[in-house]
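1. pasting the sequence and the predicted model now:
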Amino acid sequence: MTEEQKVVVMRDDASAKGRQAQSMNIRASRAIADTVRSTLGPAGMDKMMVDEQGNVIVTNDGATILRELDIAHPGAKMITEMAKMQESICYDGTTSTVVLGGQLLSNSEQLFSKGIHPNIICRGFNQAAKWAVEYARGTPNGSVDLTLVAKTAMTGKSVSHSLDTVSDLCVNALKRCGGERDGVRVISQPGGSLEDSYLFDGIIIHKEFTLDTMPKGGLHQVLLINQGLMPDKGDDNTQLHLNSADEVISYRQRMSKDDLISKAQTIIDALPGGGVVFVRDGVGDVICATLAKAGISVVRRLQDSQMEALSCLLGIDIAHDVDDIEGPALADEVKEELIGDMKFVVVSRSRDPDYSSVCTLVLRGATRQTLDETERGFEDALGVVSLAYKDGKVIPGGGSIYIGMAQHLRQRAADMGGREQMAVEAFAEALEIIPATIAENAGHDPLDTILALRNDHQSGNIDYGPDVEKGGTCSMGDLGVFEPLTVVTQAVQSAAEVAISILRIDDIISRRGDM
């Protein structure tokens, strides 16, 4: 185990001051960055993560790796929190953010050795981040085929062998939902191949009917109830004079049954022609049986997200209890369907065009493990395409923009003067770690690639990045490699902020635990 790894996995309870504290935080951050660095780019490698129970995750998704790491060092935790923020805002770019943040801190140590104070470095980094973001936002950008954005996001994932299929699914799903990422649900089921995946206009829930007694054909009436329909516990303070234990049991059964039948009758009155009731919590067997006689099926114990999706799809509010039912919604079809070897409840959207659109991506694959990674790839791509759909600002990817920002910073630094100039130059050098790592992970020399890219950008070829297949450089625009501008600008800002936050720490002090 290396010293950097020890910093990550071991908790150091001793206090540290000055450069020692800064050095410990920097080494911990670099260890995190080195862990995910080899996963960056279209030729990135996978990580196998194993827990104490032997459960295995194989992935090259930076957010997943960082989420599953067992991290104790407080400095390293700051890096992972930054990655979580990048993931929540942009859905992608977590690996780039962590690698860039780690390189910024690594370059800071070199500035320390030259006698540069941390506060001067922080001011230089802050100014450099602003200039870099201004440059990125000022680069030419325009409308681009969203399919290319989806392909870029999925390149290097486990779905890369079927890019055309999965990118079309991703784009079509978001277009149906008006670009709303939350409107697209993803489920995965082993069996078949990735090409068997499809987009469903509605919701598919991994549940089955308690009793399937709905009328077949035609529109289906649907109710959504947030509260469970279980027997009441009763009032413990009620005093009754009963002569035996049998009388107590009989009384309780009669009272709870009467209450449940009353609730069931309220639902029957709301669904006179039969239908289906979706309930978030449990439903008593008495209610299920009573409703079944009236041609009403029950789906119980749903997640909040599933209830909200049904509400959005059908255009109906979720009733808190049976007493709050205002009226049913109409669905084109509600049925139980076998996908692979598992039963699912399928709800087609209503014909009313005013209702919000919700759709479901059904992913198929050979094994559960490969499907999990496929689902992670789809989740990232959906978020990235959603950003491009809403914002409309995309730029050439492949690390080309980072070379352009680095060139711009060196020009601005030359006019800056003072010691902060060295911090800006260090920031520019750190930006080049992204295209250098992409080239290195593809088996090419990173230094030769960076030197060639500097020359290309100096000549006006600002969309040039590493050629991962042949080596050297090539136009990312010609290859159709594009990414949303927001992913890059947020990555630079986040990396700069966490680096500055860590550099400003000069003491690590043990604190007393909560009383």
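-> Now that the structure is in, tell me what you want to look at. Numbers count the residues shown, from 1 in each chain.
2. only C-alpha atoms from now on, for both contacts and neighbour counts.
-> Will do.
3. now do F125, the pLDDT please.
-> With respect to pLDDT, F125 scores 94.
4. that one: what's it in contact with?
-> F125 sits next to A423, V424, F427, A496, I500 when contact means C-alpha atoms under 8 Å, 6 or more residues apart in numbering.
5. the second one: neighbouring residues, count only.
-> Around V424 sit 28 other residues, with neighbours defined as other C-alpha atoms under 10 Å.
6. check what pLDDT it gets.
-> 94.
7. helix or strand: which one has it?
-> Secondary structure from DSSP states H and E places V424 in helix 420-431.
8. just give me how far the helix or strand following that helix sits from the chain centre.
-> Remark: after helix 420-431, the chain's next helix or strand is helix 433-441, criterion DSSP H and E. Its chain's C-alpha centre and that of helix 433-441 lie 24 Å apart, by C-alpha atoms, centre = their mean, to the nearest Å.
9. got the contact list for helix 433-441?
-> 37-45, 96, 99-100, 103, 398-400, 402-403, 445-447, 449-450, 465-468, 471.
10. residue contacts, the one residue sitting closest to the centre of the chain?
-> The centre of the chain sits closest to Y91, judged by C-alpha atoms, centre = their mean, with a distance of 5.2 Å. Counting by C-alpha under 8 Å, 6+ apart, Y91 touches E379, D380, A381, G383, V384.
11. which of the residues you listed fall in helices?
-> Members of the contacts of Y91 lying in helices (criterion: DSSP state H): E379, D380, A381, G383, V384.
12. mind putting those into a markdown table with neighbour count, pLDDT and distance to V277?
-> Listed next are these as a markdown table, based on neighbours: other C-alpha atoms under 10 Å; pLDDT from 0 to 100; distance: C-alpha to C-alpha, whole Å:
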| residue | neighbour count | pLDDT | distance to V277 |
| --- | --- | --- | --- |
| E379 | 19 | 83 | 30 |
| D380 | 21 | 83 | 33 |
| A381 | 25 | 86 | 34 |
| G383 | 25 | 87 | 32 |
| V384 | 26 | 89 | 35 |
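13. closest to D61 out of the residues you listed?
-> Nearest to D61 out of the ones in helices among the contacts of Y91 is D380 (C-alpha to C-alpha; 9.1 Å).
14. my read is that the closest one contacts A153, right?
-> Yes - applying C-alpha atoms under 8 Å, one finds D380 in contact with A153, separated by 7.1 Å.
15. which residues are common contacts for these two?
-> Common contact partners of D380 and A153 (C-alpha under 8 Å, 6+ apart): D92.
16. can you put the contacts of Y91 in a markdown table and add distance to N25?
-> What follows is these, written out as a markdown table (distance: C-alpha to C-alpha, whole Å):
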| residue | distance to N25 |
| --- | --- |
| E379 | 32 |
| D380 | 30 |
| A381 | 33 |
| G383 | 32 |
| V384 | 31 |
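17. can you check the pLDDT for S510?
-> 69.
18. what is the end-to-end distance of stretch 269-279?
-> One end of stretch 269-279 to the other measures 17 Å (C-alpha to C-alpha, to the nearest Å).
19. distance from that stretch to the middle of the chain?
-> With C-alpha atoms, centre = their mean, you get 36 Å for stretch 269-279.
20. what comes up buried for that stretch?
-> In terms of neighbour count (16 or more other C-alpha atoms under 10 Å), stretch 269-279 has its buried residues at A270, L271, G274, G275, V276, V277, F278, V279.
21. who wins on neighbours among the contacts of F125?
-> F427 (31 neighbours).
22. secondary structure class of L338, three-state.
-> strand (DSSP: H, G, I helix; E, B strand; the rest coil).
23. work out for me the element the nearest residue to it once chain neighbours are set aside sits within.
-> Counting by C-alpha to C-alpha, 6 or more residues apart in numbering, L338 lies nearest to F344, which is 6.2 Å off, once chain neighbours are set aside. Of the helices and strands defined by DSSP H and E, F344 is found in strand 342-348.
24. backbone phi and psi for the residue nearest to the centre of the chain, please?
-> Backbone torsions for Y91, taken as degrees, to the nearest 10, come to phi 70, psi -10.
25. what's the spacing between it and A150?
-> Taken as C-alpha to C-alpha, the span from Y91 to A150 is 12 Å.
26. need the overlap of contacts for these two.
-> Common neighbours of Y91 and A150, counting by C-alpha under 8 Å, 6+ apart, are A381, V384.
27. okay, stretch 479-486 in PDB with CA atoms only?
-> Only the C-alpha atoms of stretch 479-486 are listed here, as PDB (Å, rounded to 0.1, in the frame of the first residue of the first chain):
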ATOM      1  CA  LEU A 479     -15.500  13.100 -35.000                       C
ATOM      2  CA  GLY A 480     -18.800  14.300 -33.600                       C
ATOM      3  CA  VAL A 481     -17.500  14.600 -30.100                       C
ATOM      4  CA  PHE A 482     -19.500  17.300 -28.200                       C
ATOM      5  CA  GLU A 483     -20.400  18.000 -24.600                       C
ATOM      6  CA  PRO A 484     -22.600  20.600 -22.800                       C
ATOM      7  CA  LEU A 485     -20.700  23.800 -21.900                       C
ATOM      8  CA  THR A 486     -22.100  23.600 -18.400                       C
END
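28. ok, residues contacting it?
-> Under C-alpha under 8 Å, 6+ apart, the answer for stretch 479-486 is 90, 136-137, 148-149, 151-153, 384-385, 387-388, 392-398, 476.
29. ChimeraX command for the buried members of those residues?
-> Per 16+ other C-alpha under 10 Å, the buried members of those correspond to this ChimeraX selection:
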select :90,136,137,148,149,151,152,153,384,385,387,388,392,393,394,395,396,397,398,476
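30. list the buried residues for stretch 180-193?
-> The neighbour-count check on stretch 180-193 (16+ other C-alpha under 10 Å) flags E180, R181, G183, V184, R185, V186, I187, S188, Q189, P190, G191 as buried.
31. quick one: the first one from L382, how far?
-> Think E180. 9 Å.
32. shared neighbours, those two?
-> Residues touching both E180 and L382 (C-alpha under 8 Å, 6+ apart) are L174.
33. rounded mean pLDDT for the strand holding F344, please.
-> Across strand 342-348, pLDDT averages out at 88.
34. name the next helix or strand following it along the chain.
-> Later in the chain than strand 342-348, the nearest helix or strand by DSSP H and E is strand 359-365.
35. quick one: strands adjacent to that following strand?
-> Within its sheet, and counting by DSSP bridges, strand 359-365 is paired with strand 184-190 (parallel), strand 198-200 (antiparallel).
36. mind putting those in TSV, mean pLDDT included?
-> TSV is the format used below for the strands paired with strand 359-365 (pLDDT from 0 to 100):
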stretch	mean pLDDT
strand 184-190	85
strand 198-200	86
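37. among these, which comes closest to T165?
-> strand 198-200 (9.4 Å).
38. ok, and what's touching that closest one?
-> L169, A173, C359, T360, L361, V362, L363.
39. show me what contacts the second one?
-> A173 makes contacts with V184, L199, C359, T360, L361, as judged by C-alpha under 8 Å, 6+ apart.
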